[in-house]
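Q: Quick check, what structure comes out for this input:
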Amino acid sequence: MSADKASRPGSLLPEAVTSGRDEYLNLVKDDDFLYKEVDSLYTFENGIVLDGAYGNEWTVITNPVASPIYANEGNRSTSPEYIEKNYAHIKPENIGKFQLSKILGNTTLSISEAKDLVGKPKEELKTKIKTAGDMLQYMLASRVLLKNGDIQYGDGGNYWHFNSPASVTLSENLGNCGRMANLANYLLEGDYEEVGFILHSYYEGNGGGHVYNYIKYDGMYYIVDFSSYLFNGYNPSSEFNFISMSDLKDYGTRWNECYGGLAAVIAHTSPGTHLPNVWDEEGNNYLLPEGAKFDVLFETPGTGYAVKTIKCPSGVPNWLEKQ
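A: Presented below is the predicted three-dimensional model:
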């Protein structure tokens, strides 16, 4: 019995030589830790890939050729139990535990007002949400959860990366870095002196890129990453390290206070969404659309990684269109 590292988080299922499936099953069931952790075991042959759908705290295998040799029904939570265990802490009543509620104008919504906004049209949200703290309070009330991955469009060997606009994020109630940055850009437009985007890229093979916001308030620029709440499960003790500066260009030397290992950082404003972006085929240049307006805050041309522009294909949505 063996498995590659990607299919064995930690060392959950042990490698072992057994006389058959039943002996291996007993090996797993006799381990107190594994018995509590493993929901089900499947066997399959000839390189068949398992298709699964995640729900209610376990993965349901949807491939009909795979049959379970073991299923621990006792590990499965009821829907209320699952919700209570994983999401009960995500509620607007907890807004005061977050630093964001105390900066950038504090919050203007009451608990009941935040709850009443859930499911309302984006135009009404834009009117009622006035501060970054208000947006976080709405996220808590609506329980916006993480959606991994962005949208990619292939063109001549390049894969352009971009994200859904505010309307899609709100309708699905799911976000990632670019989605949340787009949403903040929409909801907070006109509420501050300036709201814009920060895009950064890691060196090739070290994590791709990331998108978040900057907000100018009382003459200072603040770096805000709304997606960080989704990634850390709305844990107040793991809140993003907010930094502020009088000149946004200073972020070009201070990004390591928030992130590590960056190859390039740019900033821009947009009436719509963040700029689509891509690395060239050689992985040496961070490419943005030709004609787009942005400021390069940090790049490393000495190592071969520079910010450049290239004609954007027609299959990539226009980032200047209102969301």
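Q: okay, CA-based contacts and neighbour counts for the rest of this
A: Will do.
Q: Would you double-check that residue 274 falls in a helix?
A: No. Counting by DSSP: H, G, I helix; E, B strand; the rest coil, residue 274 is not found in a helix; it is coil.
Q: and it, how many neighbours?
A: 29 (other Cα atoms under 10 Å).
Q: State the next helix or strand along the chain beyond whatever helix or strand residue 152 lives in.
A: Assigned by DSSP states H and E, residue 152 belongs to strand 151-155. Remark: after strand 151-155, the chain's next helix or strand is strand 158-162, criterion DSSP H and E.
Q: still on that earlier bit, which parts of the strand holding residue 152 count as buried, going by neighbours?
A: By 16 or more other Cα atoms under 10 Å, the buried positions in strand 151-155 come out as 152-153.
Q: Counting by contacts, list what that strand packs against.
A: strand 158-162 (3 or more Cα pairs under 8 Å, 6 or more residues apart in numbering; DSSP states H and E).
Q: circling back to that earlier point, then the strand holding residue 152 to PDB, C-alphas only?
A: Provided in PDB are the C-alpha atoms of strand 151-155 (Å, rounded to 0.1, in the frame of the first residue of the first chain):
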ATOM      1  CA  ILE A 151     -10.000  32.900 -13.900                       C
ATOM      2  CA  GLN A 152      -7.400  32.200 -16.600                       C
ATOM      3  CA  TYR A 153      -7.400  32.900 -20.300                       C
ATOM      4  CA  GLY A 154      -4.800  31.300 -22.600                       C
ATOM      5  CA  ASP A 155      -3.300  33.200 -25.400                       C
END
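Q: just how off-centre is that strand within its chain?
A: 18 Å (Cα atoms, centre = their mean, to the nearest Å).
Q: those strands in the stretch 151-300 of the chain, which residues are they?
A: 151-155, 158-162, 174-175, 194-202, 209-217, 220-224, 244-245, 262-268, 278-279, 285-289, 295-299 (DSSP state E, counting those that start in this stretch).
Q: looking at the ones you listed, which is buried most?
A: strand 278-279 (a mean of 24; mean count of other Cα atoms under 10 Å).
Q: Pairing partners for that strand, with directions?
A: Strand pairing for strand 278-279, determined by DSSP bridges: strand 285-289 (antiparallel).
Q: pretty sure residue 277 is touching residue 154, no?
A: No. Here residue 277 does not reach residue 154: they are 11.7 Å apart, not a contact under Cα atoms under 8 Å.
Q: Which neighbours do those two have in common?
A: residue 160 (Cα atoms under 8 Å, 6 or more residues apart in numbering).
Q: just so I know, which of the strands of the stretch 151-300 of the chain lies nearest residue 91?
A: Nearest of those to residue 91, taken as Cα to Cα: strand 174-175 at 15.8 Å.
Q: Adjacent strands (with direction) for the closest one?
A: strand 145-146 (parallel).
Q: Could I get the full set of helices for the chain?
A: For the chain, applying DSSP state H gives helices covering 21-29, 32-37, 79-87, 111-116, 122-128, 132-142, 166-172, 177-187, 227-231, 251-254.
Q: Could you tell me the least trusted of the ones you listed?
A: Least confident of the helices of the chain, judged by mean pLDDT, is helix 32-37 with a mean of 74.
Q: any weak-confidence spans in the protein?
A: The chain contains residues with pLDDT under 70 at 1-12, 44-68, 73-77, 205, 283.
Q: rerun at 80
A: 1-15, 32-83, 85, 156-158, 204-207, 281-284, 302-304 (pLDDT under 80).
Q: Pairing partners for the strand holding residue 152, with directions?
A: strand 158-162 (antiparallel).
Q: contacting residues around residue 149?
A: With Cα under 8 Å, 6+ apart, residue 149 has these contacts: residue 176.
Q: Distance of residue 93 relative to residue 130?
A: 18 Å (Cα to Cα, to the nearest Å).
Q: next one: residue 318
A: When residue 318 is compared with residue 130 (using Cα to Cα), they lie 26 Å apart.
Q: More neighbours: which of these two?
A: Just comparing residue 318 and residue 130: by other Cα under 10 Å the higher neighbour count belongs to residue 130, 21 against 14.
Q: so the more buried one sits right up against residue 191, yeah?
A: Yes. With contact defined as Cα under 8 Å, residue 130 counts as touching residue 191 (5.8 Å).
Q: Residue 133 - how many residues pack around it?
A: Neighbour tally, residue 133, other Cα under 10 Å: 24.
Q: nearest spatial neighbour of it, skipping sequence neighbours?
A: residue 101 (4.4 Å; Cα to Cα, 6 or more residues apart in numbering).
Q: I'd say the one you found and residue 135 touch.
A: No. Residue 101 is beyond contact range of residue 135, at 9.5 Å (criterion: Cα under 8 Å).
Q: Neighbour count for those two, which is higher?
A: residue 135 (25 against 21).
Q: quick one: contacts for the more buried one?
A: 129, 184, 187.
Q: That'll do, ta.
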